[in-house]
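J.: sequence first, then the predicted structure, then my questions.
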Amino acid sequence: MKDVAYFIGSCLNEQQCQQQETALLDYYFQVLKASLAAQHAQIDAEGVEQEWRSLFPVAWTDFHRFIKGWNPGHWKINSYSERLAREVISELSNNEAKQA
């Protein structure tokens, strides 16, 4: 998912990311599942999608972290990325609290 997040983040602006994220991920998983069915039918493609789709915000947050560290004034630092990062951090914090 890191490659997908980095690719989308490198190609689209903030508005395009917000508008097209779901459609792009849907298309990605449609093609991935077709490929798995053709080449690796024993793999649970639905399970892969469920797990990997949930990792997209984490991968995006990693991209955002990289951009902020590399160039804090970069135009890719935007509210879309900040929102995803806050959601990921909140989810990780909640999971950590549940485990404590």
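T.: Structure's in. What do you need?
J.: so, low pLDDT: which residues of the chain?
T.: Regions of the chain meeting the criterion pLDDT under 70 are absent.
J.: how about the helices in it?
T.: 2-11, 14-39, 45-70, 79-99 (DSSP state H).
J.: what's the closest non-adjacent residue to the residue most central in space within the chain?
T.: The C-alpha lying nearest the average C-alpha coordinate of the chain belongs to Phe56 (C-alpha atoms, centre = their mean; 2.1 Å). Leaving out its chain neighbours, the residue that sits closest to Phe56 by C-beta to C-beta, 6 or more residues apart in numbering is Met1, at 5.1 Å. C-betas here are computed from N, CA, C, even on glycine.
J.: and the gap between the nearest residue to Phe63 once chain neighbours are set aside and Cys17?
T.: Excluding the flanking residues, the one nearest Phe63 by C-beta to C-beta, 6+ apart is Gly9, at 4.8 Å. Gly9 sits 7 Å away from Cys17, going by C-beta to C-beta, to the nearest Å.
J.: over to Val31?
T.: From Val31 over to Cys17 the distance is 20 Å, taken as C-beta to C-beta.
J.: so which of the two has more stuff around it?
T.: Using other C-beta atoms under 10 Å as the criterion, Val31 and Cys17 rank with Cys17 on top: 20 against 10.
J.: what sits against the more buried one?
T.: Cys17 makes contacts with 8-9, 80, as judged by C-beta atoms under 8 Å, 6 or more residues apart in numbering.
J.: I'm done for today, thanks for sticking with me.
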